[in-house]
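K.L.:
mind folding the following:
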Amino acid sequence: MESGAKRQTIRAKRKYPIKKGDKLFLWWKQRSSERAKLGEAICTSVQDVTIEVKWVRVGDLLISGDIALDRFAIADGFDNFGYMIDFFSDTHGLPFTGDLIKWDEII
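P.N.:
Below you'll find the model as predicted:
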């Protein structure tokens, strides 16, 4: 989000994983002609995440229920959990397992 409100992203596991303390380069629509660099940030945490149709697991925390799932999806930039599920199902397939990467402020 251009406002800086988004403070997390979900990504597939990488060969060289992002770690707490790493510098992140934040982009808006990175793979399009409209792309714009939003800034840089320092990674504050990386947690395993699994996304399923009716729940999300972040580390040992199980997130379920419409309100909690919508809040999680909104924090990641989606309008609601339904849109998030559609994206991950279409793009990666479900269940999706990856990394939840968080940062504080954009520098």
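K.L.:
low-scoring stretches of this structure, by residue?
P.N.:
Along the chain, the model assigns pLDDT under 70 to residues 1-4.
K.L.:
out of all of them, which strand in it is the longest?
P.N.:
strand 36-51 (DSSP state E).
K.L.:
could you point out which element follows it?
P.N.:
Next along the chain after strand 36-51, taking DSSP states H and E as the criterion, comes strand 55-58.
K.L.:
so how far is that following strand off the chain centroid?
P.N.:
Strand 55-58 has its C-alpha centroid displaced from the chain centroid by 12 Å (C-alpha atoms, centre = their mean, to the nearest Å).
K.L.:
then stretch 11-19?
P.N.:
Distance, centroid of stretch 11-19 to centroid of chain: 13 Å (C-alpha atoms, centre = their mean).
K.L.:
dump that stretch to CSV, keeping only the CA atoms.
P.N.:
Presented in CSV, the C-alpha positions along stretch 11-19 are these (Å, rounded to 0.1, in the frame of the first residue of the first chain):
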residue,chain,number,x,y,z
ARG,A,11,6.1,-15.0,0.0
ALA,A,12,7.0,-18.5,-1.1
LYS,A,13,10.1,-20.1,0.5
ARG,A,14,13.3,-18.9,-1.0
LYS,A,15,16.6,-20.7,-1.7
TYR,A,16,18.3,-17.9,0.3
PRO,A,17,15.7,-17.0,3.0
ILE,A,18,15.1,-13.5,4.2
LYS,A,19,16.1,-13.1,7.9
